[in-house]
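Student: sequence first, then the predicted structure, then my questions.
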Amino acid sequence: MEVVLIVYLCAKFQSPPIMVCSIKPVLTLHFRTISLLFIVIFVALPKMHGFSQIDTSRAQNDTIKEINLDSVIISAQVAPTVQSELLRVVHIIRAEEIQQAPVTDLGSLLEFVRGIDIRQRGITGAQSDISMRGGTFDQVLLLLNGVNISDPQTGHHNMDIPVDVSVIERIEVLQGSGARIFGPNAFAGAINIITASPDKAFPSVSLRGGLYGSAEMAVNLPFRTKKVYHILSLSGSTTDGYTENTDYKKANAFYRMNAKIGKTKANVQVGYVRKGFGANSFYSPKFPNQFEETSTIFAAAGISDTNAQ
């Protein structure tokens, strides 16, 4: 005995409007094969049904348990932060990298950081504009040991920082929206320049010279009076310029003090920078004889409880 499975295949034509069908055998089963299939189905089906009932009863007896996990702390930056609040892209330039870099000014050093654009005018960064991640020079915040030192008048003079690269311990570059915790000026990012701590700094003197009357000097002098640690940094640079009206003079003075009295820690920092430079074609070649002179002074003080840290 044989059972034949037949499929009808039809096709309809619009012109002329006729339908053509054909018969095609697909599968031929013998009587013995059909009998074996029915025996397997009737024997296995009750067992599968019983197995499903056992699983259902077990599922009904199980209870759902909820476990609350503790927050995961990520220490990828200086201060530990909860993972949900980690929205910063931080790049840290350490003292070893600063010493090995072939630079003599801060602007040239920051050019090595990915995502930062430095537009320098004149020799050794007489005037520099800094931008980050497509922002403008007014959308980057500059901090010195956590204190905002951005120029309130224009971002063109944000790089007038009263410290030499030799006294910088590290630089923290924060890019993106995570830097907005420092204020509205940090729309594109923030740069925090951290100087050497007075109790860990070493005395140093550096002299450099070159063509066109170029000369640079930097002196770092740390000292201690009883329980108070001090550091005084003096630096300056000058040049006659490589062409007319490109001369440049700059003088920096920076003082920082740390003191610990009982459980209280006090810190003071004072800075002064004076700069004058010929702005030959800086902003327009129509006015090649422009000259700019700026001076900045700032002071900051803070008190903290060592037990709260």
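Tutor: Structure's in. What do you need?
Student: show me the helices in the stretch 51-200 of the chain, by range?
Tutor: Ranges of helices in the stretch 51-200 of the chain, per DSSP state H, counting those that start in this stretch, are 95-100, 106-110.
Student: using a markdown table, lay out these together with distance to A201.
Tutor: Using the backbone N, CA and C atoms, a C-beta is placed for each residue, glycine as well. What follows is the helices of the stretch 51-200 of the chain, written out as a markdown table (distance: least, Cβ to Cβ, whole Å):
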| stretch | distance to A201 |
| --- | --- |
| helix 95-100 | 11 |
| helix 106-110 | 18 |
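Student: now the ones you listed as a markdown table including mean neighbour count, distance to G210 and mean pLDDT?
Tutor: A markdown table is the format used below for the helices of the stretch 51-200 of the chain (neighbours: other Cβ atoms under 10 Å; distance: least, Cβ to Cβ, whole Å; pLDDT from 0 to 100):
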| stretch | mean neighbour count | distance to G210 | mean pLDDT |
| --- | --- | --- | --- |
| helix 95-100 | 12 | 20 | 89 |
| helix 106-110 | 20 | 14 | 88 |
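Student: give me the most central residue, this structure.
Tutor: V89 (2.6 Å; Cα atoms, centre = their mean).
Student: and that one, what are its bridge partners?
Tutor: Q175 (DSSP bridges).
Student: repeat for Q127
Tutor: Beta-bridge pairing for Q127 (DSSP bridges): R121.
Student: likewise A190?
Tutor: L141, L174.
Student: list the contacts of it.
Tutor: Going by Cβ atoms under 8 Å, 6 or more residues apart in numbering, A190 touches 140-143, 173-174, 179, 182.
Student: among those residues, which one sits closest to I161?
Tutor: L142 (7.0 Å; Cβ to Cβ).
Student: helices and strands around the helix or strand harbouring G302, which ones?
Tutor: G302 is part of strand 291-305 when elements are defined by DSSP states H and E. Counting contacts by 3 or more Cβ pairs under 8 Å, 6 or more residues apart in numbering; DSSP states H and E, strand 291-305 is packed against strand 264-278.
Student: output the contacts of A190 as TSV; include the columns distance to T195 and pLDDT.
Tutor: Listed next are the contacts of A190 as TSV, based on distance: Cβ to Cβ, whole Å; pLDDT from 0 to 100:
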residue	distance to T195	pLDDT
V140	20	86
L141	17	87
L142	14	89
L143	12	90
V173	16	89
L174	18	86
A179	20	60
F182	18	70
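Student: need the buried ones from those residues selected in PyMOL.
Tutor: Listed next is the PyMOL selection for buried residues among the contacts of A190, using 16 or more other Cβ atoms under 10 Å:
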select buried, resi 140+141+142+143+173+174+179+182
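Student: K200: neighbouring residues, count only.
Tutor: Look at K200: counted by other Cβ atoms under 10 Å, it has 11 neighbours.
Student: ok so, going back, quick one: which of the helices of the stretch 51-200 of the chain is nearest I231?
Tutor: Nearest to I231 among the helices of the stretch 51-200 of the chain is helix 95-100; the distance by Cβ to Cβ comes to 14.3 Å.
Student: just checking, L207 touches M217?
Tutor: Yes: with contact defined as Cβ atoms under 8 Å, L207 reaches M217; the gap is 5.6 Å.
Student: so which of the two has more stuff around it?
Tutor: Neighbour comparison, L207 and M217: the larger count goes to M217, with 16 against 9 (by other Cβ under 10 Å).
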